[in-house]
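# next comes the sequence, and after it the predicted model I'd like to discuss.
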Amino acid sequence: MSLTHAGIAPDETAGADPLTAPQPADPAGVAGPLRDLLVLDLSRILSGPFATMTLADLGADVIKIEQPGQGDDTRQWGPPFQGEEAAYFLSVNRNKRSLAVNLKSPEGLAAVRRLALKADVLVENFRPGTAARLGLGYEELSRDNPGLVYASISGYGQTGPDALRPGYDAIAQARSGIMSVTGEADGPPVRVGVSSADLVAGMWATIGVLAALHEKQRTGNGQWVDISLLDGSVSWLTYVSSGYFASGDIPTRYGSAHPTIAPYQAFPTSDGFVMVAVGNDGLWRRFAAALGDQGLADDPNYATNPSRVAHRDTLIPRIEAVLRTRSAEDWVRILDQAGVPVGPIQTVDQALADPQVRARGMVAELDHPTVGPMKVVGCPVRLTRTPASVRTAPPLLGQHTDEVLASLGLDEPSIAGLRRAGAVQ
């Protein structure tokens, strides 16, 4: 069976518009800014699929490579399920085409390599060295496809003493220092409620890919984008690490509070919690007036932010006592009217029903081939001329195998032969 060089047709659904929910057709027929890019997605779980979904939302044609019979590990990560589909998998794999191919089969590997030599971008999150052993490493592919932008996401990066260690989100959160500053002051370190190390790595991978594509416009050459879960999480330390560099003091946990601003934290009300963010002295005066506590406003211990931080042990109980006298809804209304930043601490269902979230199209609707109508979180990138779009549901395993192989020049008998040999599904 031979594989011939042939073009891959772009997704004909690339004109949809995600900016309202449910999704209407884009009246202007505008496609995403990355609509001319072919992305080969060799990643699984979360970090890589999140990066490739973002590229797909921006218009790229993303072909997801999956193991026949099993697919991405997250297809089995449930409950919860929608129909037979794991909600986890559905969260990060929309707008992609699925090619189920056995990389241990010579014929299957040849098909993936042919795709890689046509691709603009390849994203993988194997342990360092694995892709190269398969013949799909950057050095080998870039010799025949010098314009390839190749992104590798791993726990610790391609270099350093821990490069070959397996990478996990929770371990990266722990090693990066993120967990040491997350949680209540008198409690244990706490993992961030979402897989922040995986997600930030996916975001940095997307940024790195876009930067490499921009540079390619000047030189015609691609490059290797090396992303680490640990690096990405360390980068998020920002003012926490800067404070340590400046003072030598090891940062600690403050719960929902801020180490250098007060009051800037969650407060209990009579029926729930609100988040208050008093970021400067002018806001402090408005806040104190809205609370109706003239003593707070006049107390020199609380007149400036440094003094409020220094005296937070007496300040916070006084504020709590006042805020407990009314409901969360009352305080949001009162503080909003006073121009003080405030928001209710919403549960996930409340956040997804929030009128502002809905108005921004952050809840979109899709039709899945087996689930039927389903909701997804939308793309937060807003572009006025070439908007991102939520177009197609996460694919079934191998849903596009025949379509992708046909784009490589294989006829139906050849594809059937690959399927009989176990090379594809």
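Looks like it came in fine.
# use CA for all of it now, contacts and neighbours both
OK.
# what ranges does the stretch 51-200 of the chain have for its helices?
Here the stretch 51-200 of the chain has its helices, by DSSP state H, counting those that start in this stretch, at 87-91, 106-118, 130-133, 138-144, 169-176, 196-219.
# just the element for Met275, please.
In the assignment (DSSP states H and E), Met275 maps to strand 273-277.
# check Glu320 too.
Assigned by DSSP H and E, Glu320 falls within helix 312-323.
# let me know the average pLDDT across that helix.
The average of the pLDDT scores along helix 312-323 is 96.
# what comes up buried for the next helix-or-strand element following that helix?
Using DSSP H and E, the helix or strand that follows helix 312-323 in sequence is helix 328-338. Across helix 328-338, burial judged by 16 or more other Cα atoms under 10 Å covers 328-329, 331-332, 334-335.
# distance from helix 328-338 to the middle of the chain?
Helix 328-338 sits 32 Å away from the centroid of its parent chain (Cα atoms, centre = their mean, to the nearest Å).
# ditto for stretch 39-57
10 Å.
# quick check: closest non-adjacent residue to Leu117.
Leaving aside its chain neighbours, Leu117 sits nearest to Asn145 (5.4 Å; criterion: Cα to Cα, 6 or more residues apart in numbering).
# my guess is that neighbour meets Lys118, correct?
Yes - between Asn145 and Lys118 there is a contact at 7.4 Å, judged by Cα atoms under 8 Å.
# neighbour count winner among those two?
For Asn145 versus Lys118, the count of surrounding residues by other Cα atoms under 10 Å is larger for Lys118: 21 against 18.
# ok, now how distant is the more buried one from Thr252?
49 Å (Cα to Cα, to the nearest Å).
# how near is the closest residue to Val424 other than its chain neighbours to Met179?
Using Cα to Cα, 6+ apart and skipping the chain neighbours, the partner closest in space to Val424 is Val101 (4.2 Å). Distance, Val101 to Met179, using Cα to Cα: 39 Å.
# do Arg218 as well
Separation of Arg218 from Met179 (Cα to Cα): 41 Å.
# more neighbours, the two?
Ranked by neighbour count (other Cα under 10 Å), Arg218 and Met179 place Met179 first, with 20 against 8.
# can you verify my assumption that that one contacts Val190?
Yes - here Met179 reaches Val190: they are 5.4 Å apart, a contact under Cα under 8 Å.
# what do these two both touch?
When Cα atoms under 8 Å, 6 or more residues apart in numbering defines a contact, no residue borders Met179 and Val190 alike.
# still on that earlier bit, reformat the helices of the stretch 51-200 of the chain as JSON lines; add mean pLDDT and distance to Ser307.
Converted to JSON lines, those look like this (pLDDT from 0 to 100; distance: least, Cα to Cα, whole Å):
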{"stretch": "helix 87-91", "mean pLDDT": "97", "distance to Ser307": "45"}
{"stretch": "helix 106-118", "mean pLDDT": "96", "distance to Ser307": "59"}
{"stretch": "helix 130-133", "mean pLDDT": "96", "distance to Ser307": "55"}
{"stretch": "helix 138-144", "mean pLDDT": "97", "distance to Ser307": "55"}
{"stretch": "helix 169-176", "mean pLDDT": "98", "distance to Ser307": "31"}
{"stretch": "helix 196-219", "mean pLDDT": "98", "distance to Ser307": "33"}
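# now these as CSV including distance to Ala353?
Listed next are the helices of the stretch 51-200 of the chain as CSV, based on distance: least, Cα to Cα, whole Å:
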stretch, distance to Ala353
helix 87-91, 18
helix 106-118, 41
helix 130-133, 42
helix 138-144, 44
helix 169-176, 28
helix 196-219, 23
